[in-house]
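Asker: Provided below for reference: sequence and predicted model.
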Amino acid sequence: MKKLWMIIVILAVIFLGMLGYKNIKIKKSNISMEEIEKIESYMNQIYMWKEVTGEALPCFETIDEANERWIWQVVQKNLEDYELSYEQIQNKTKELFGQNFTKEFPKQGTEYLVYEEENNKYYPIEINLDQQEDVFLLNQINRITKGYEVEIIEYIEDYSQTTKEENHQIVIRNLKGEEIGRVNSQEEKEAKEIAKSNVDKLTKKKLVLKLENETLQVERVYCY
C-alpha cells in the first residue's frame, strides 16, 4: 500500500511539474490545460515564416486589414490536398479567420499557390525555408468575452552555426538578429529556457482570439 501511495505522489509531482512548465507566466489560474493546448495549436496554424511573409505574425486592427501574403500563406500552410479547388481554399479561409472574413482568394492564384486553367485547380509550390526558425511562446492568457487575450513572446532559433566538433549550435536571437544565447542541438529544449529568461530582450505581441462554435479565430494583433 505504501508503494502504491508513493507512486501516486511521484506521479502527482511530475504532473504538477509539467503543469507549472506549461503555465509559466500564464497568469489566469482559471485557464485549463485543454484551453492552453487549444490556443497553442491554433497559434501554430497561423504562425508563419518571416522569409516568406515578411513577418511570422503581422500586427493588424482587423483580420481584413492583415498582410495578404501572410493571410494566403496561412491558408496554404493548413491545406492538406495537393490539387485544390477555389471552394476548398475559400472554405479553409473561413475556417481559419471566421465567417465574417471578407477577403476572397485571388482567382489568378498567388506566388505560392498557382492556378492551372486547364484543370481549373490550384497547386502549391514548394517553399524553400532558411535555417532560422521563427518561434513563439505563450506568455500570458486572459479570458475575455467570447474568447481570449493572449500575449506571446517571439524569438529566432538559428540553426546555421556549426562547431568544430560538428555539433550543430542553436543560436537564440531576438527579431533584431541580436544573439541572446546558444545551446547545442542535443539540448534543444534549453532554447526555450534561454528565451524565457531574456523576455526583456524579445518582442511581445498581444492577440485577441475569438471563440466561435468551439473554434478559435484571430481578430487582431497588437504590437508593443
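Answerer: Now that the structure is in, tell me what you want to look at.
Asker: Quickly find the element holding Lys38.
Answerer: Taking DSSP states H and E as the criterion, the element that holds Lys38 is helix 33-46.
Asker: which strands and helices sit next to that helix?
Answerer: The elements that helix 33-46 packs onto, with contact taken as 3 or more CB pairs under 8 Å, 6 or more residues apart in numbering; DSSP states H and E, are helix 2-22, helix 68-77, strand 132-144, strand 147-162, strand 215-223. (Each C-beta comes from the backbone N, C-alpha and C, glycine too.)
Asker: ok, Met43 - how many residues close by?
Answerer: For Met43, the neighbour count with other CB atoms under 10 Å is 19.
Asker: hang on, Asn100 is in a strand, isn't it?
Answerer: No - in this structure, Asn100 is coil, not part of a strand, as judged by DSSP: H, G, I helix; E, B strand; the rest coil.
Asker: neighbours around it, how many?
Answerer: The tally of other residues near Asn100 (other CB under 10 Å) stands at 13.
Asker: give the contact list for it.
Answerer: For Asn100, the contact set (CB atoms under 8 Å, 6 or more residues apart in numbering) is empty.
Asker: residues of the helix holding Lys38 that come out buried?
Answerer: Burial within helix 33-46, assessed by neighbour count using 16 or more other CB atoms under 10 Å, is assigned to 35-36, 38-40, 42-43, 46.
Asker: Closest to Asn174 out of those residues?
Answerer: Within the buried residues of helix 33-46, proximity to Asn174 (CB to CB) peaks at Met43, which comes in at 18.9 Å.
Asker: Quick check, that closest one in contact with Leu137.
Answerer: No - under the contact definition of CB atoms under 8 Å, Met43 does not touch Leu137, with a separation of 9.7 Å.
Asker: which residues are in contact with both of those two?
Answerer: Taking CB under 8 Å, 6+ apart as the contact criterion, the residues that touch both Met43 and Leu137 are Ile152.
Asker: next helix or strand past the helix holding Lys38?
Answerer: For helix 33-46, the following helix or strand on the C-terminal side (DSSP H and E) is helix 50-53.
Asker: which secondary structure elements does the strand or helix carrying Val171 contact?
Answerer: Here Val171 sits within strand 168-173, counting by DSSP H and E. The helices and strands touching strand 168-173, judged by 3+ CB pairs under 8 Å, 6+ apart, are strand 147-162, strand 179-184, helix 190-196.
Asker: and among those, the most buried is which?
Answerer: The highest mean neighbour count among these belongs to strand 147-162 (a mean of 19), with neighbours defined as mean count of other CB atoms under 10 Å.
Asker: strands paired with that strand, and their directions?
Answerer: Sheet neighbours of strand 147-162, with direction, are listed as strand 132-144 (antiparallel), strand 168-173 (antiparallel), strand 203-212 (antiparallel) (DSSP bridges).
Asker: and the ones you listed, which one's lowest on average pLDDT?
Answerer: Confidence, taken as mean pLDDT, is least for strand 168-173 of the strands paired with strand 147-162 (a mean of 89).
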